[in-house]
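Engineer: Have a look; sequence and predicted model below, questions after that.
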Amino acid sequence: MAEKIKMTFLGTGSAIPTARRNHLAMLLQFKDENILIDCGEGTQRQFRKAKMNPCKITKILISHWHGDHVLGLPGLLQTLNLNGYNGELVIYGPKGSKRKFQEMIAPYLSFYRNISRNSGNNFNIVIKEVGAGVVFENDEFVIEAAEVDHDCSALSYSFIVKEKVRLDKAKLKKLKLPNSPLVGELVKGKTVEIDGKKVDGKKLMYVEPARKVSFILDTRMNVGLAKFAKDADVLISEATHSVEEQEVASDHGHLSSVDAANIAKRAKAKKLVLIHLSQRYDEIPRVILNEAKKVFKNVSVVEDLEKLEL
C-alpha cells in the first residue's frame with residue numbers, strides 16, 4: 001500500500017489575517033519528512049492548535065519574503081531551539097533569501113549565533129537560494145521549483161513522489177515459498193526455480209505511480225504555471241481575488257479564482273485546492289469557490305487546520 005502524502009493547512013489567509021484565517025503556512029508529511037511551506041505570523045501557534053510538533057520539521061520552503069509568508073520564522077526558530085531541535089534545518093527560498101533571512105533575524109542576532117554555533121545542541125540552519133528546476137532529490141521524491149511573476153523574487157514548488165516498482169507481498173505469500181535468497185531475484189523481476197517450481201518475478205510486481213502536489217502561491221497569471229503543475233494530483237493555489245477584481249489581481253501580482261481554475265484545467269490536475277483568500281471573502285468564500293467551479297469542477301476552498309491525504 002502506497003505511503004500517504006498528508007497535507008495540513010495551518011494558515012489559509014492572505015496579507016491581513018482574520019479571526020477565521022491565519023497567515024499562510026502548510027505542512028506536507030511523507031514518511032519521515034515534514035516539510036513546511038511558508039511560515040506566516042502565528043504558524044507555531046497553529047501547530048499547537050493542530051496538535052502537531054513543530055520540532056519534526058525537516059525542511060522549509062519559502063515562496064517569497066513578503067511578511068504574510070515569513071514573519072512566523074523568528075518565533076518558530078526560537079521555539080525549535082528552546083525545545084532542543086537536533087540536526088540541520090534547510091530553508092529553501094528564491095534569490096536574495098540569505099540576505100532577507102539575515103535582516104529578519106538581526107534583532108535576535110545573539111539567539112541566531114547560538115544556533116549557528118551549535119551552542120548547547122546540534123541545531124544548524126542552512127539557507128539555500130534556489131531557482132527554476134530540481135532543488136532536492138532522493139530515492140523517494142523530488143522537489144522542483146519554478147520562478148513566478150510577483151512583485152519580488154518568488155517561487156512555486158512541486159513535491160513529486162517517484163514512480164516505484166514494488167513487490168506484491170500478498171501474491172508472494174499465496175505462493176507459500178520457503179525462505180530463500182532466490183526471493184531477492186524475484187524482487188528484481190527474474191524467473192527462478194524454487195523446489196522444482198518456476199516462478200516469474202514479473203508477475204509478482206506492480207507499478208506504484210508517481211504522485212504530485214504543486215503549490216502555486218503569490219503570482220500573476222502566466223502560461224508557464226500550467227506546465228509546471230502538469231498532471232498534479234493536487235494543485236494548491238492562491239486565489240486572492242474574485243474574477244470581478246481581475247485587474248486588481250494582476251496589478252497586485254495575484255491570481256483570481258478563475259485564473260487558478262484555468263491553470264488547473266490546462267495542467268489537467270486531478271484536484272484544485274484554493275487558499276490565500278483576501279479578507280473581503282472571509283465570510284463568503286463560496287463566491288471564490290463558485291467562480292472557480294464554472295471552469296474546473298473538482299475544487300475546494302480549505303479552512304485553517306483542514307487536512308488532506310493522497
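Structural biologist: Yes, it's here. As the structure is a computational prediction, the values presented were derived from the model and not from experiment. Residues are numbered from 1 along each chain as shown.
Engineer: which ones are touching Val135?
Structural biologist: Contact partners of Val135, counting by C-beta atoms under 8 Å, 6 or more residues apart in numbering, are 92, 128, 143-145, 157. To be clear about C-beta, it is placed using only N, CA and C from the backbone, and glycine gets the same treatment.
Engineer: and if we set it to 7 Å?
Structural biologist: Taking C-beta atoms under 7 Å, 6 or more residues apart in numbering as the criterion, Val135 is in contact with 92, 143-145.
Engineer: next one: Phe30
Structural biologist: When contacts are counted by C-beta under 7 Å, 6+ apart, Phe30 touches 3, 5, 141, 161.
Engineer: In ChimeraX, how would I select just the buried ones from those?
Structural biologist: The following ChimeraX line selects those of the contacts of Phe30 that are buried, judged by 16 or more other C-beta atoms under 10 Å:
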select :5,141,161
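Engineer: before we move on, the earlier item: now, which of the contacts of Val135 sits nearest Asn298?
Structural biologist: When the contacts of Val135 are compared for distance to Asn298 (C-beta to C-beta), Glu144 wins out at 22.9 Å.
Engineer: Across the sheet, point out what pairs with the closest one.
Structural biologist: Val134, Ser158 (DSSP bridges).
Engineer: Please tell me how far it sits from Val207.
Structural biologist: When C-beta to C-beta, to the nearest Å is the yardstick, Glu144 and Val207 sit 22 Å from each other.
Engineer: What of Thr43?
Structural biologist: 37 Å.
Engineer: Between the two, which has more neighbouring residues?
Structural biologist: Thr43 (25 against 9; other C-beta atoms under 10 Å).
Engineer: For stretch 292-303, list every residue counted as buried.
Structural biologist: Under the neighbour-count criterion of 16+ other C-beta under 10 Å, stretch 292-303 has 292-293, 295-296, 299, 301-302 buried.
Engineer: Where do the domain boundaries of the protein fall?
Structural biologist: Following automatic domain parsing, the chain resolves into domains at 5-163+209-309, 165-207.
Engineer: what's the offset of the first one from the middle of its chain?
Structural biologist: Here domain 5-163+209-309 is found 6 Å from its chain centre; the criterion is C-alpha atoms, centre = their mean, to the nearest Å.
Engineer: Let me see the mean pLDDT of it.
Structural biologist: For domain 5-163+209-309, mean pLDDT rounds to 94.
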